[in-house]
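Student: fold the following and give me the result.
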Amino acid sequence: MSKFTVIAGSFPTGTGRFTIRNFTLPGDENHYLCETVPAQQIDFLSNHQSHYQSLLDINDTSKELLESTSKGKVIFLAKLKDGRSFVAMADHTTFNKILKALERETDVELEISSSAA
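Tutor: Below you'll find the model as predicted:
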């Protein structure tokens, strides 16, 4: 199980987890409930910064986090087939696990910069 941090989008901010085939995303403000989303529900994945900044309402705290991201982290946008989306931050190892799972399990549209792959 790999951890990532949801920083904006249709889900509350907080820690999420990725297993071989599922994303577990924060589900409520108190993080008592969570939502499990199968990888097959991901419709689009991109780590191009221009995509997620223009598509999501990112608050000042999230902007500061984006600007201060260390070189060991990847920030990515994931869109679900039901129209929801989220921006998350993960280490390179976790991001590569997500990419491999999506390539193997789905026909998702991937837009990945060479620095993250």
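Student: part of a strand, is residue 96?
Tutor: No. Secondary structure of residue 96 (DSSP: H, G, I helix; E, B strand; the rest coil): helix, not part of a strand.
Student: tell me how many other residues crowd it.
Tutor: Residue 96 sits with 16 neighbouring residues when counted by other Cβ atoms under 10 Å. To be clear about C-beta, it is placed using only N, CA and C from the backbone, and glycine gets the same treatment.
Student: tell me which helix or strand residue 88 sits in.
Tutor: Secondary-structure assignment from DSSP states H and E places residue 88 in strand 85-91.
Student: so where do the helices sit in the chain?
Tutor: 49-55, 60-67, 92-105 (DSSP state H).
Student: on that earlier part again, so for the strand holding residue 88, what gets flagged as buried?
Tutor: Judged by neighbour count (16 or more other Cβ atoms under 10 Å), strand 85-91 contains these buried residues: 85-90.
Student: quick check, nearest of these to residue 108?
Tutor: residue 85 (12.9 Å; Cβ to Cβ).
Student: closest to residue 37 among the buried residues of strand 85-91?
Tutor: Within the buried residues of strand 85-91, the smallest distance to residue 37 is 9.5 Å, found for residue 86 (Cβ to Cβ).
Student: residues contacting that closest one?
Tutor: Residue 86 makes contact with 6, 8-11, 25, 77-78 under the criterion Cβ atoms under 8 Å, 6 or more residues apart in numbering.
Student: now do 6 Å
Tutor: 6, 9, 11, 78 (Cβ atoms under 6 Å, 6 or more residues apart in numbering).
Student: most neighbours out of those residues, which is it?
Tutor: Most neighbours among the contacts of residue 86, by other Cβ under 10 Å: residue 78, with 26 neighbours.
Student: touching, that one and residue 42? I think so.
Tutor: Yes. If you go by Cβ atoms under 6 Å, residue 78 and residue 42 touch, sitting 5.5 Å apart.
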